[in-house]
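Colleague: Take this sequence and fold it.
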Amino acid sequence: MATSEKPTVQTDPGRGRRLGVDVGSVRIGVALSDPDCILATPLETVSAAVDGSDVSRVAELVRDNLVVEVIVGLPVALRGNHTSSTYLAEDFAEDLREELRDIPVRLVDERLSTMAATQAFQAVGISAKKGRKKIDQAAAVHILQGWLDARRRVFSQNG
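Modeller: Predicted coordinates for the structure are as follows:
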């Protein structure tokens, strides 16, 4: 069972783009940071697939965007227990690690990221049904931005 990681100075790959991933059973939201790790922006929604084409597509996005680190949301239930979604994200991260080999793939607690994205869309009048693909990307942005903000705090404390 994988655990949630946090940014550290020792494991940080340095300057470069990060990719955030929100794994779902139907869609996978993907977000990308700028090279200076300040801002996460939506990139793409990938269709989930049992044949591994989803992992291949995300790996392609990693290579195309010169990504130095991948952040995969780990959906843990509010009580901290693992669910089928947790195992789905862990399996996806492991498959991505095997495909990328030398690029770190980190799992981070993403409790409430989809809920936060859905609420943000509803606040501006976009229904969950209409914005479904964008909500997955927004959840990935939420996951990645949380990592970038935590990383910035770690480096400012050790700086």
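
Colleague: what about stretch 96-114, average pLDDT?
Modeller: Taken as a whole, stretch 96-114 carries a mean pLDDT of 86.

Colleague: If you count neighbours, what's buried in that stretch?
Modeller: 96-97, 99-100, 103, 105-110, 113-114 (16 or more other CB atoms under 10 Å). Any C-beta I mention is one placed from the backbone N, CA and C, and that applies to glycine too.

Colleague: Looking at the chain, which helix is longest?
Modeller: helix 132-157 (DSSP state H).

Colleague: buried sites along stretch 56-71?
Modeller: For stretch 56-71, by 16+ other CB under 10 Å, it's 57-59, 61-62, 65, 67-71.

Colleague: Looking at those residues, which are in helices?
Modeller: In helices, defined here by DSSP H, the members of the buried residues of stretch 56-71 are 57-59, 61-62.

Colleague: Just flag the most distant two among the residues you listed.
Modeller: For these, the maximum inter-member distance is 9.9 Å, found between 57 and 62 (CB to CB).

Colleague: Give me the neighbour count for residue 15.
Modeller: Residue 15 is flanked by 9 other residues according to other CB atoms under 10 Å.

Colleague: Tell me which residues touch it, please.
Modeller: For residue 15, the contact set (CB atoms under 8 Å, 6 or more residues apart in numbering) comprises 35-37, 68.

Colleague: In this structure residue 86 contacts residue 75, no?
Modeller: Yes - in this structure, residue 86 is within contact of residue 75 by CB atoms under 8 Å, at 5.6 Å.

Colleague: Comparing the two, which shows the higher neighbour count?
Modeller: The neighbour comparison of residue 86 against residue 75 (other CB under 10 Å) goes to residue 75, with 24 against 18.
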